[in-house]
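Q: below: sequence and its predicted model.
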Amino acid sequence: MRVITLNVNGIRAAARKGFFSWVVRQKADVVCLQEVRAQADQIADKMFHPKSFHCYYLDADKKGYSGVAVYSKKEPDEVVRGLGWDDVDAEARYLELKIGDLSVTSLYAPSGTSGDERQAFKYQFMDRFLPHLRTLATSGRQHIICGDWNIAHKNVDLKNWRSNQKNSGFLPKERAWLDEVFSSSGFVDGFRIINQEAEQYTWWSNRGQSWANNTGWRIDYQIITEGLAERVESASIYKRKRFSDHAPLIMDYRL
């Protein structure tokens, strides 16, 4: 089973860069997208609904903002749109597909880079989401939560870790929260199960020469229930073509 996740930073922009012609060649079973940034009427064209997939979108109340999507080769038994939290759901950050006893979710966690107010909102989300993860882990289902979590976990997960310790995305409280996710919530970092190498980045700032110099961050994850840990077969970050400021994270599972 192949699962791909990508923050497209605007699905219409990614489409112009060849995303859809690329994704249909990847033989993926599930594709999770974040930061779609389009309303339903803006993606009515059949290009945005590849015929090989069942396609589900969740758009934010604010136009041109946030939004997630999941494409699945197999029709899901149930689609869960949102977390039931009005403030988070208004920003369209959570879309879960239930397929048999497996759930695959596209998650776009809040960023705090725009200021103190959004950082506070990010912390509030984190406080609520950890108990949600623990509930999922004890639900009897297996979960793959794909997406942009907007936190780099360890020093190895970003190039300039020393100079970023006071910046959102690498704050001590954020990193400690991921420690807790990976130690007591019943979830693990799927990518790191089989790849412990440095410079495995999924996002590069558009400022300066970040891409050219590989000055990146690993903030996109497939975070999985412990029961799937032994079923991870491969994990790779696709960088030959660029569809956004993030790179696709591709993982294969023996399911």
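A: Alright, I've got the coordinates. Numbering: from 1, shown residues only.
Q: quick one, what contacts the closest residue to residue 185 other than its chain neighbours?
A: Counting by C-beta to C-beta, 6 or more residues apart in numbering, residue 185 lies nearest to residue 133, which is 4.3 Å off, once chain neighbours are set aside. Backbone N, C-alpha and C define where each C-beta goes, glycine included. By C-beta atoms under 8 Å, 6 or more residues apart in numbering, the contact set of residue 133 is 145, 181, 185-187.
Q: wait, a strand at residue 200?
A: No: under DSSP: H, G, I helix; E, B strand; the rest coil, residue 200 sits outside any strand and is assigned coil.
Q: for residue 83, phi and psi?
A: Backbone torsions for residue 83, taken as degrees, to the nearest 10, come to phi -100, psi -10.
Q: can you check residue 242 too?
A: Residue 242 adopts backbone torsions of phi -110, psi 130, taken as degrees, to the nearest 10.
Q: check contacts around it.
A: 17, 211.
Q: heads up, I number from 74, so please use that
A: Fine by me, first position is 74 from now on; the one you just mentioned is residue 315.
Q: can you pull the pLDDT of it?
A: Residue 315 carries a pLDDT score of 97 in this model.
Q: next: residue 226.
A: pLDDT, residue 226: 98.
Q: can you tell me how far it sits from residue 125?
A: Going from residue 226 to residue 125 by C-beta to C-beta, to the nearest Å gives 34 Å.
Q: those two: which is more packed in?
A: residue 226 (21 against 11; other C-beta atoms under 10 Å).
Q: residue 248 is in contact with that one, correct?
A: Yes: shown here, residue 226 and residue 248 form a contact pair, counting by C-beta atoms under 8 Å, at 6.2 Å.
Q: can you pick out the most distant pair from the contacts of residue 206?
A: The span of the contacts of residue 206, defined through C-beta to C-beta, is set by 218 and 259 at 11.5 Å.
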